[in-house]
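Asker: Take a look and give me a structure for this.
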Amino acid sequence: MKWSTANILFADVKGYSALKDTHMKTFAEVILLAIAKRLYGISIKHANTWGDGIVIVCDKIEDVCESAVHLKDLFQGFNWKRHDLPKLDIRISIHHGEYLEGDDAFTGRPTFCGRTVVTAARIEPVTPPGKIWMTVQAANMLKQHMNGEDNPYFAIDSVGEIKLPKKYGSIEICTLRRFSEPPLSDQDLKEIREAERMRLKLGGVVDRDSDIRELVSGNQIESYGIVIGVVVNRREVLLVKRRDRSEGLDWMFPSGKKWPNQDEISVIEKEVLEEAGITCGVMRKIAQVEDHPKTHFRCSYFHLEPGENTTIVNGDTRENEEVKWVSIPEALAKIGSDINPDVARFLTKFATDSA
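Answerer: Numbers count the residues shown, from 1 in each chain. Below is the predicted model of the structure:
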């Protein structure tokens, strides 16, 4: 093997592990093909995928950065509902440095290894979904490339020091964006720090329901919100019956807890898929309340419509006794006075318009 210098991109798809086999088939046949087409024409030295993982190696920093923004664009603008997929998002990391290049002993194909590769791989899991994080080394290379440009295409914002998982230490991180896109705000930085604090508290990457339950039991989630899905199909609405009624809730809409840096739409589309087994798309936001009268969480309500398959299953028997399509009048009666007034008006109007 020989030493080489290059720019390495690692990417991973958030929500992939919750997909059904049919969804994974669509991902492999449709999404990966769309990615390959989107990156066509960029000078890529090496590219590989496994499941939802993507690695790209480029000799030029501008090529790996262009690959990154194309990946982000594709996931942000893809028509998920058309392909009966929940909305997925992607985390992308970039690093510049030396690595070992040679042939894989098993496949005979080119392979890469070394600390540079490991560093890029360690940054990706802690990158917020929908963002591109890069090391200072990669950022400096890009700055050199853009030096003297009157109208730069890329821009870089400093995140600061981030502690990486698996005892890999701390590293200075920057974000990559187009120059025309808004810079990192103080609120963005605050959410990044809060997410890191929670991650370090749990000793890993906060991205699983079990992590959320642990924080809830430790009373650490009071500053975060609940995303609630009002899924309507013709004149029926999707309800779930909770096993735990300690908060005084019985029948209710599917809902999920939102972490800092998570997208509300991704959270609720994934939650409906996991709880009821159907793929839905968000149509619009119905309401938001800062203090729910019973749970005291900040709650956001979204109107969702299902895809072609509306056959539901109880996908979370540990939390739900039953998952059911009910008529809108029955839903209003089952939830009763606990229903948000804006949601009640929305459902009443929906039932009237559909009559």
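Asker: my read: G160 touches E172, true?
Answerer: Yes. Look at G160 against E172 with C-beta atoms under 8 Å: they come within range, at 7.0 Å. No exception for glycine: its C-beta is placed from N, CA and C like everyone else's.
Asker: The worst-scoring helix or strand of the chain on mean pLDDT: what's the following helix or strand?
Answerer: Sorting the helices and strands of the chain by mean pLDDT, DSSP states H and E puts helix 209-217 at the bottom, at a mean of 41. Scanning forward in sequence from helix 209-217 by DSSP states H and E, the next helix or strand is strand 225-233.
Asker: Tabulate the CA atom coordinates of the helix or strand that comes right after that following strand in PDB.
Answerer: The first helix or strand that comes after strand 225-233 along the chain, using DSSP H and E, is strand 236-242. Output in PDB follows, covering the C-alpha atoms of strand 236-242 (Å, rounded to 0.1, in the frame of the first residue of the first chain):
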ATOM      1  CA  GLU A 236     -61.200   8.700   8.800                       C
ATOM      2  CA  VAL A 237     -58.400   9.600  11.100                       C
ATOM      3  CA  LEU A 238     -55.600   7.400  12.600                       C
ATOM      4  CA  LEU A 239     -55.700   6.900  16.400                       C
ATOM      5  CA  VAL A 240     -53.500   4.900  18.800                       C
ATOM      6  CA  LYS A 241     -54.600   3.700  22.200                       C
ATOM      7  CA  ARG A 242     -51.800   4.000  24.800                       C
END
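Asker: what inclination does strand 236-242 have with respect to strand 225-233?
Answerer: Here the directions of strand 236-242 and strand 225-233 differ by 140 degrees (axes from the mean of the first three to the mean of the last three C-alpha atoms, to 10 degrees).
Asker: give the contact list for C280.
Answerer: By C-beta atoms under 8 Å, 6 or more residues apart in numbering, the contact set of C280 is K81, P86, G229, V231, E269, V272, L273, L304, E305, P306, G307.
Asker: Now which of these would you call buried?
Answerer: Among the contacts of C280, those classed as buried by 16 or more other C-beta atoms under 10 Å are K81, P86, G229, V231, E269, V272, L273, L304, P306, G307.
Asker: Run through the bridge partners of the third one.
Answerer: Judged by DSSP bridges, the bridge partners of G229 are F302.
Asker: Would you confirm that it contacts E305?
Answerer: No. Between G229 and E305 there is no contact under C-beta under 8 Å: 10.5 Å.
Asker: okay, now A68: neighbour count?
Answerer: Look at A68: counted by other C-beta atoms under 10 Å, it has 25 neighbours.
Asker: same check, this time on the one 10 residues further on
Answerer: Number of residues near F78 (other C-beta under 10 Å) recorded here: 16.
Asker: can you tell me which residues contact it?
Answerer: By C-beta under 8 Å, 6+ apart, F78 lies in contact with I31, A34.
Asker: Please report how far it lies from D244.
Answerer: Look at F78 and D244: by C-beta to C-beta, to the nearest Å, they are 36 Å apart.
Asker: same check, this time on E275
Answerer: Counting by C-beta to C-beta, the gap from E275 to D244 is 14 Å.
Asker: between the two, who's got more neighbours?
Answerer: Neighbour totals were compared for E275 and D244, and E275 leads with 23 against 9 (other C-beta under 10 Å).
Asker: Chain neighbours aside, what residue packs nearest to Q76?
Answerer: What sits nearest to Q76 in space, not counting adjacent residues and going by C-beta to C-beta, 6 or more residues apart in numbering, is G130, at 6.7 Å.
Asker: looking at this, that neighbour is in a strand?
Answerer: No. Looking at G130 with DSSP: H, G, I helix; E, B strand; the rest coil, it is coil, so not inside a strand.
Asker: wait, doesn't it sit right on L71?
Answerer: No. Using C-beta under 8 Å, G130 makes no contact with L71, being 10.4 Å away.
Asker: Can you pull out the low-pLDDT segments for the stretch 101-250 of the chain?
Answerer: 199, 201-224, 245-249 (pLDDT under 70).
Asker: Now with 90, please.
Answerer: Residues of the stretch 101-250 of the chain that meet the criterion pLDDT under 90 lie in 101-130, 147-152, 161-171, 182, 184-226, 234-235, 242-250.
Asker: Let me see the ranges of the helices in it.
Answerer: With DSSP state H, counting those that start in this stretch as the criterion, the stretch 101-250 of the chain has helices at 115-123, 136-146, 186-202, 209-217.
Asker: Among those, which comes closest to S180?
Answerer: S180 lies closest to helix 136-146 among those, at 14.2 Å (C-beta to C-beta).
Asker: Tell me the secondary structure at the closest residue to I339 other than its chain neighbours.
Answerer: Nearest non-adjacent residue to I339, counting by C-beta to C-beta, 6+ apart: L332, 6.5 Å away. Look at L332: counting by three-state DSSP, its state is helix.
Asker: wait, isn't L332 in contact with R345?
Answerer: No. Look at L332 against R345 with C-beta under 8 Å: they stay out of range, at 10.6 Å.
Asker: of those two, who's got more company?
Answerer: A side-by-side neighbour count of L332 and R345, using other C-beta under 10 Å, places L332 first with 17 against 13.
Asker: how close does the more buried one sit to K285?
Answerer: Distance from L332 to K285, counting by C-beta to C-beta: 20 Å.
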